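Novice: dropping the sequence and predicted coords here.
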Amino acid sequence: MEPISDPFGPAAYDADLRAIVVSEETRKGGAAVNTERARRGLEALAVDVIQCVGGGTESEGDTAAAGFTGKLSSTTLRRWLAEGRFKER
């Protein structure tokens with residue numbers, strides 16, 4: 001893992017990267033990464049758009065028990081990790 005200290009992270013400067021995965025909500029961010037890469041003289045990344053991952057329903061077990069009931073966001077996951085809401089298996 002590498003910490004991200006700017007809006008682009010290593011995607012803007014790592015010449016070894018070839019693709020970036022985005023959601024419909026973050027598609028513009030993928031384009032912005034490629035604009036920044038072009039500014040730095042790097043090749044554009046392939047932009048793969050995926051659907052958002054759902055958080056589960058009450059019948060789906062652990063994710064529902066953790067409170068996932070809609071779109072699963074990284075912000076929510078980080079907050080829950082900080083709060084200790086996940087149990088080790």
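Specialist: That came through, no problem. Residues are numbered from 1 along each chain as shown.
Novice: use CA for all of it now, contacts and neighbours both
Specialist: Noted.
Novice: where does the nearest residue to residue 20 once chain neighbours are set aside land in three-state SS?
Specialist: Of all residues not flanking residue 20 in the chain, residue 47 sits nearest, at 5.1 Å (CA to CA, 6 or more residues apart in numbering). What DSSP: H, G, I helix; E, B strand; the rest coil gives for residue 47 is strand.
Novice: then the one 5 residues further on?
Specialist: Three-state call for residue 52 (three-state DSSP): coil.
Novice: give me the number of residues near it?
Specialist: By other CA atoms under 10 Å, the residues close to residue 52 number 14.
Novice: for residue 23, see how far away it is.
Specialist: As judged by CA to CA, to the nearest Å, residue 52 and residue 23 stand 6 Å apart.
Novice: on that earlier part again, mind checking how far the residue nearest to residue 20 is from residue 76?
Specialist: 24 Å.
Novice: name the residue in those two with the higher neighbour count.
Specialist: A direct count of neighbours by other CA under 10 Å for residue 47 and residue 76 places residue 47 higher, at 17 against 12.
Novice: look at the residue nearest in space to the middle of the chain and report its pLDDT.
Specialist: The centroid of the chain falls nearest to residue 74 when counting by CA atoms, centre = their mean (6.4 Å). With respect to pLDDT, residue 74 scores 74.
Novice: domain parsing for this protein?
Specialist: 1-51, 53-89 (automatic domain parsing).
Novice: what bits of the chain have low per-residue confidence?
Specialist: 1-2, 53-71, 87-89 (pLDDT under 70).
Novice: grab the longest helix from it for me.
Specialist: helix 27-39 (DSSP state H).
Novice: quick one, helices of this protein?
Specialist: Using DSSP H, helices in the chain cover 27-39, 62-65, 74-83.
Novice: pull out the buried residues from the longest one.
Specialist: Of the residues in helix 27-39, those with enough neighbours to count as buried (16 or more other CA atoms under 10 Å) are 27, 29, 30, 31, 33, 34, 35, 36, 37.
Novice: before we move on, the earlier item: quick check: the residue nearest to residue 20 vs residue 81, distance?
Specialist: Where residue 81 is concerned, residue 47 sits at a distance of 29 Å (CA to CA).
Novice: please apply the same query to residue 43.
Specialist: With CA to CA as the criterion, residue 43 and residue 81 are 35 Å apart.
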